[in-house]
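>>> sequence and predicted structure below; questions after.
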Amino acid sequence: MPQQAHIIAQRLLNLYRQEHVIEGGWAAVNKVFIAESNNDQVIAELENMPTGKKLVAHINNLRTKKTPMDTIDKDLLPYGGLMTGIEVSFSLTDAEFNELKSALDKFQPTQESLNNIKNMPLVRKFGNDWAQDIKAAIISRPDMLAKWNVVIQTDKAYKIWNSARELLSETLTERNRAQIQADMPEYETYLPMFGDSGKEMLSRLRTFMSSQQP
């Protein structure tokens with residue numbers, strides 16, 4: 001059951017993060033949250049996941065009817081509400097726009113180039129939400145937005161690479177296997193970006209996930 005609870009929790013968290021692209025929006029995903037979170041182990045797993053505490057708070061609001069089944073409290077929105085219709089204001093000065101544009105023109109999908117972007121003072125001032133906050137700030141500049149999306153994709157790819165490498169360097173457990181199974185769509189999306197090394201790592205992950213429990 002712990003393995004199953006972890007997989008369910010990961011699926012619910014993915015739905016929470018991707019609500020903005022799911023047909024039916026909150027009205028659709030909230031029904032899934034209620035149906036699949038009626039187990040203390042699932043809630044416990046969510047509590048230990050990044051942003052999982054927000055989802056647990058949202059589920060509790062739904063169960064107590066504090067929040068209607070077709071919406072979510074604005075304070076519990078994923079990504080601070082940047083992926084919804086809620087208006088959020090972020091801005092850059094003209095000098096910062098020019099500095100960012102120059103950096104994006106030079107950007108390559110490498111770790112070094114990514115680090116150069118992330119270490120820019122204008123990026124660092126946004127803290128941990130730098131990717132989505134800057135996206136909101138340049139939303140009216142499609143020329144820059146397309147290049148910024150490549151930065152976000154590159155950052156995600158390296159996070160997935162590091163996650164996979166860490167899992168494969170550990171003593172692999174059933175919990176690890178459950179994590180690999182839950183995250184496999186992301187591994188399949190991003191690891192091939194690393195060429196033969198990424199494909200080899202993906203193959204190792206698939207082999208472990210499909211192996212029989214001793």
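Nice, I can see it. Numbering: from 1, shown residues only.

>>> got the buried residues for the longest helix belonging to the chain?
If you go by DSSP state H, the chain has its longest helix at helix 142-169. For helix 142-169, the neighbour count (16 or more other Cβ atoms under 10 Å) marks 144, 147-148, 151, 154-155, 157-158, 160-161, 163-164, 167 as buried. C-beta: built from backbone N, CA, C; applies to glycine.

>>> please apply the same query to stretch 187-198.
Tyr187, Tyr190, Leu191, Phe194, Gly198.

>>> and these, which two are the farthest apart?
Of all pairs drawn from the buried residues of stretch 187-198, the greatest distance, 11.0 Å, lies between Tyr187 and Phe194 (Cβ to Cβ).

>>> give the residue spans of this protein that score low on pLDDT.
Across the chain, the ranges flagged by pLDDT under 70 are 1-3, 20-23, 79-90, 211-214.

>>> can you flag which of the buried residues of stretch 187-198 belong to helices?
Per DSSP H, the subset of the buried residues of stretch 187-198 in helices is Tyr187, Tyr190, Gly198.

>>> what segments of this structure are helices?
With DSSP H as the criterion, the chain has helices at 2-18, 25-36, 40-47, 52-63, 94-106, 111-118, 121-124, 130-137, 142-169, 174-190, 195-210.

>>> single out the most deeply packed of those.
When the helices of the chain are scored by mean count of other Cβ atoms under 10 Å, the highest mean neighbour count falls to helix 130-137 (a mean of 20).

>>> counting by contacts, list what it packs against.
helix 121-124, helix 142-169 (3 or more Cβ pairs under 8 Å, 6 or more residues apart in numbering; DSSP states H and E).
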